[in-house]
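A.B. asks: build me a model from this:
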Amino acid sequence: MKRLLIASLLCFLLFACDDAKKAADQVQEAVQSFDVESLNLDQFGGAAEQAKALALSVQDAINVDFSNPDAVNKVKDSIANAYSCMADKSSDEQATDLVNTLIEKVKSEDVMSLIKQAVEQGASVTQCMTN
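C.D. replies: As a prediction, the model looks like this:
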């Protein structure tokens, strides 16, 4: 009986380690597939700086610890503000186009949901908050 229990425990641990490795690989793949520097932000002309801020905020969302509500809210506020600033400097259409381009590069449903919520929040903001 002891041997069966030990064997079962070892199998469980092996599967748990494999699942953790797969999750870590997925996170690493998501981070590697999103490279702000590879985006052509010059196409936004005078709003290129705001476009970069929005892209960097989305990159922060990819790296955020979803078990930390304060960090999630901070990233959400950052995306909302960056979206608002981008829309103010260019147009809602250009800001939305950029967000859609960024979302295409995101692999995580949680991150996509966070971005969409932040954009909705940013669309209702009437003033860009600069640092």
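
A.B. asks: what strand or helix carries Asp70?
C.D. replies: Following DSSP states H and E, one finds Asp70 within helix 69-89.

A.B. asks: just the buried positions in that helix, please.
C.D. replies: Buried positions in helix 69-89, judged by neighbour count with 16 or more other Cβ atoms under 10 Å: 72, 75-89. Placement of C-beta: from N, CA and C, glycine included.

A.B. asks: just stretch 112-130 next, same as before
C.D. replies: 112, 114-115, 118-119, 121-122, 125, 128.

A.B. asks: from the residues you listed, pick the one nearest Leu98.
C.D. replies: The closest of the buried residues of stretch 112-130 to Leu98 turns out to be Val119 (Cβ to Cβ; 10.2 Å).

A.B. asks: orientation of the helix or strand containing the closest one relative to helix 69-89 in degrees?
C.D. replies: Using DSSP H and E, Val119 sits in helix 109-124. Orientation note: helix 109-124 sits at an angle of 50 degrees relative to helix 69-89 (axes from the mean of the first three to the mean of the last three Cα atoms, to 10 degrees).

A.B. asks: and for helix 109-124, what's in contact with it?
C.D. replies: 30, 57-58, 61-62, 64, 66, 72, 75-84, 87, 92, 96, 99, 102-103, 106 (Cβ atoms under 8 Å, 6 or more residues apart in numbering).

A.B. asks: now do 7 Å
C.D. replies: Residues outside helix 109-124 that contact it (Cβ atoms under 7 Å, 6 or more residues apart in numbering) are 58, 61-62, 66, 72, 75-76, 79-81, 83-84, 99, 103, 106.

A.B. asks: state the pair within the buried residues of helix 69-89 that is farthest apart.
C.D. replies: Top of the distance list for those (Cβ to Cβ): Val72 and Lys89, 26.1 Å.

A.B. asks: still on that earlier bit, in JSON lines: the buried residues of stretch 112-130, plus pLDDT and distance to Lys52.
C.D. replies: Conversion of the buried residues of stretch 112-130 to JSON lines gives the following (pLDDT from 0 to 100; distance: Cβ to Cβ, whole Å):
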{"residue": "Met112", "pLDDT": "91", "distance to Lys52": "20"}
{"residue": "Leu114", "pLDDT": "93", "distance to Lys52": "19"}
{"residue": "Ile115", "pLDDT": "93", "distance to Lys52": "16"}
{"residue": "Ala118", "pLDDT": "93", "distance to Lys52": "17"}
{"residue": "Val119", "pLDDT": "93", "distance to Lys52": "17"}
{"residue": "Gln121", "pLDDT": "90", "distance to Lys52": "20"}
{"residue": "Gly122", "pLDDT": "88", "distance to Lys52": "16"}
{"residue": "Val125", "pLDDT": "75", "distance to Lys52": "19"}
{"residue": "Cys128", "pLDDT": "77", "distance to Lys52": "15"}
